[in-house]
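>>> Got a predicted model here, sequence first, then my questions.
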Amino acid sequence: MGKNICIMGAGSWGTALSVLLATNGHKVRMWSFFKEEAEGINTHRENIAKLPGVWVPDTVTCTNDVNEALQDAEAVIMVVPSEFMRSTMKTIKGALKDNTIVVSCSKGLEDETFLTMSQIIKEEAPNVRVVALSGPSHAEEVGRSIPTAIVAASVDNEAALFVQDIFMSPMFRVYTNSDIIGVELGGAIKNVIALCAGISDGLGFGDNTKAALMTRGITEMSRLGEIMGAKPKTFSGLAGIGDLIVTCTSMHSRNRRAGILIGKGKSLEEALKEVAMVVEGVNTTKAAYHMAKKMNVEMPITNQAYEVLFNGKDARQAVVDLMMRDKKLENV
Ligand SMILES: NC(=O)C1=CN([C@@H]2O[C@H](COP(=O)(O)OP(=O)(O)OC[C@H]3O[C@@H](n4cnc5c(N)ncnc54)[C@H](O)[C@@H]3O)[C@@H](O)[C@H]2O)C=CC1
Ligand SMILES: O=C(CO)COP(=O)(O)O
């Protein structure tokens, strides 16, 4: 039976998920931070700036009013950029009933606290049931019903099953997983590696370089995951290697595209302006860099990404410095 679902965030991913959920027979109320974005979606049945060419069904309405969006919601989908997860939760937590299922679809880590999105949600609203939805899923493809597989992760199996049910369709396969920390770390760290893969492409390096970055990127992700209590197997699944592959290789990826521009010599600010949608890997590089230092985890690619993005290091020199690190055994 169709459910009443609220989506908080009406950018490219929120809009694509609204199309999927409406197609699955649910009634969707979407909220945008921007009044003009909400009005634009209602008027044109399309998010022209962020997901052009994808038609939004009539059973989706978009509003700038939080209470209107949350009215009768049986599940709340959080899909704002990660830097606004806490402020958005603070705005809505008073209106959330106990045991409401809240689904994080955002990929990032909080600056300074290093918390994942589900941890922020739980900190702000301890009585909700939280699930993370993550995996290789570009909005541009999900919005066009291109077959996609993804993971609904939660320590609350019933909540994960509920999320699996509402999203699952012949074109959108949802697995469940109890390792929410692993799933969220995979989704966050792959954006750092995708930025680097883009920089490598922008510098004119090749497929070998990218394969090396992706494989050693998974190693970094797994090292951090181990310290955080994630299950190693999660990183060889959809939310780990799966999302890393799609983000490092697709021209849909905002992170990869920003990286390409930086590799071609644009400044970070110029690259972000040109992409004009959230590039989560930038803030996540900062969070992961400090997190790795604090926890004494070796993350050489992340360290070089930090130097390039925030200390003006020449990207080509960063690659040389990665290549010329101490000689090592592979699997340590
Ligand atoms: N675009 C994609 O294909 C996918 C994106 N994601 C994740 O979803 C999250 C959102 O990404 P996109 O939809 O691509 O971003 P976007 O840049 O397309 O849209 C962001 C939306 O967030 C909202 N917003 C903007 N400023 C805000 C503020 N100050 N407070 C609250 N909300 C605000 C607005 O509705 C805005 O349209 C990110 O964490 C991203 O990693 C995950 C999977 C796929
Ligand atoms: O997470 C994503 C695909 O799974 C989207 O990646 P980008 O934010 O780089 O576009």
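Nice, thanks for sending it over. Ligands and ions are numbered 1, 2, ... in the order given.
>>> Roughly how far does Thr219 sit from Lys327?
In this view, Thr219 and Lys327 are 16 Å apart by CB to CB, to the nearest Å. Quick note: C-beta positions are derived from backbone N, CA and C, even for glycine.
>>> ok, now which ones touch the closest residue to Ile41 other than its chain neighbours?
Using CB to CB, 6 or more residues apart in numbering and skipping the chain neighbours, the partner closest in space to Ile41 is Cys62 (4.1 Å). By CB atoms under 8 Å, 6 or more residues apart in numbering, the contact list for Cys62 reads 10, 18, 29-32, 37-39, 41-42.
>>> In helices, which of the residues you listed appear?
Per DSSP state H, helices hold the following members of those: 18, 37-39, 41-42.
>>> Which one (most neighbours) among those residues?
For the ones in helices among the contacts of Cys62, counting by other CB atoms under 10 Å, the largest number of neighbours falls to Ser18: 30 neighbours.
>>> Residue numbers of the stretch 51-200 of the chain in contact with ligand 2?
Applying CB under 6 Å from any ligand atom, we find that the stretch 51-200 of the chain lies next to ligand 2 at 107, 136-138, 191, 194.
>>> Let's see that with 8 Å instead.
By CB under 8 Å from any ligand atom, the residues of the stretch 51-200 of the chain that approach ligand 2 are 107, 134-139, 187, 190-191, 194.
>>> For the protein, just list every one of the strands.
Ranges of strands within the chain are 4-8, 27-31, 60-63, 75-78, 101-104, 129-134, 148-153, 172-177, based on DSSP state E.
>>> Any chance of TSV for those strands, columns distance to Lys233?
As requested, those are exported to TSV (distance: least, CB to CB, whole Å):
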stretch	distance to Lys233
strand 4-8	30
strand 27-31	33
strand 60-63	36
strand 75-78	26
strand 101-104	21
strand 129-134	15
strand 148-153	12
strand 172-177	9
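>>> Using TSV, please lay out those together with mean pLDDT.
Below are these laid out as TSV (pLDDT from 0 to 100):
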stretch	mean pLDDT
strand 4-8	98
strand 27-31	98
strand 60-63	98
strand 75-78	98
strand 101-104	98
strand 129-134	98
strand 148-153	98
strand 172-177	98
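>>> How many neighbouring residues does Ser76 have?
That one is not Ser; residue 76 is Val. Neighbour number of Val76 under other CB under 10 Å is 25.
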